[in-house]
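> the sequence isn't on hand, but the structure is:
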């Protein structure tokens, strides 16, 4: 069995930025579309158009932009291998103490992005090293591949799953 995916770096926007943008988006939408043409100031209308298009980007388009790939993640029943920043790290299955997956679902129209949902995996080995990786799970079949490998020997007793707060999909 073999599972292969990408290690990515998310472009995460903070909640205050999203909330501020949403409020400005609503105000700009009101000014542009619901205010009478005679009552509108040209420079203010131009300003609100810029805010309107910025709001479209932050609230809608940002979610469909492909995340930045920073490496590859390969998992088999014999080893875990990940290549990150031109450095290849290989961990034998018997050297791994624990694998923890923060599961947020897989990609699709109902979730954050159709490129695959970002999930976080933490790996601890016998030397005391801890690896925190952000990986993509693209669809249900890739989720099942990962699940099949992690629920087999030698990982079955070392593996645990935590679900994200908004996750409705079971792992």
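Structure received. Small disclaimer: the values here were computed from a predicted structure and weren't measured.
> and the spatially most central residue of the chain, what does it touch?
Taking CA atoms, centre = their mean, the centroid of the chain lies closest to residue 118, which sits 2.4 Å from it. Residue 118 makes contact with 8, 10, 67, 104, 112, 134, 135, 136, according to CB atoms under 8 Å, 6 or more residues apart in numbering. Just so you know, the C-beta spots here come from the backbone N, C-alpha and C atoms, and that holds for glycine as well.
> so for the helix or strand containing it, what gets flagged as buried?
Using DSSP states H and E, residue 118 sits within strand 117-125. For strand 117-125, a neighbour-count test (16 or more other CB atoms under 10 Å) marks 117, 118, 119, 120, 121, 123, 124, 125 as buried.
> could you tell me how far the residue sitting furthest away from the middle of the chain is located from residue 128?
The outermost residue of the chain, judged against the average C-alpha position, is residue 38 (45.5 Å), by CA atoms, centre = their mean. To residue 128, residue 38 is 71 Å away according to CB to CB, to the nearest Å.
> any regions of this structure where pLDDT drops low?
Filtered on pLDDT under 70, the chain yields the residue ranges 107-116, 164-169, 171.
> where exactly do the strands run in it?
Along the chain, the segments classed as strands by DSSP state E run 2-9, 68-76, 79-84, 87-92, 96-103, 117-125, 130-137, 159-163.
> need the residues that contact the fifth one.
Contacts made with strand 96-103 from outside it, assessed by CB under 8 Å, 6+ apart, are listed as 80, 119-126, 137, 150, 154-155, 158-164, 167, 169, 171.
> what pairs with the strand holding residue 118, parallel or antiparallel?
strand 96-103 (antiparallel), strand 130-137 (antiparallel) (DSSP bridges).
> can you redo these as CSV with mean neighbour count and distance to residue 1?
Shown next, in CSV, are the strands paired with strand 117-125 (neighbours: other CB atoms under 10 Å; distance: least, CB to CB, whole Å):
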stretch, mean neighbour count, distance to residue 1
strand 96-103, 17, 15
strand 130-137, 18, 16
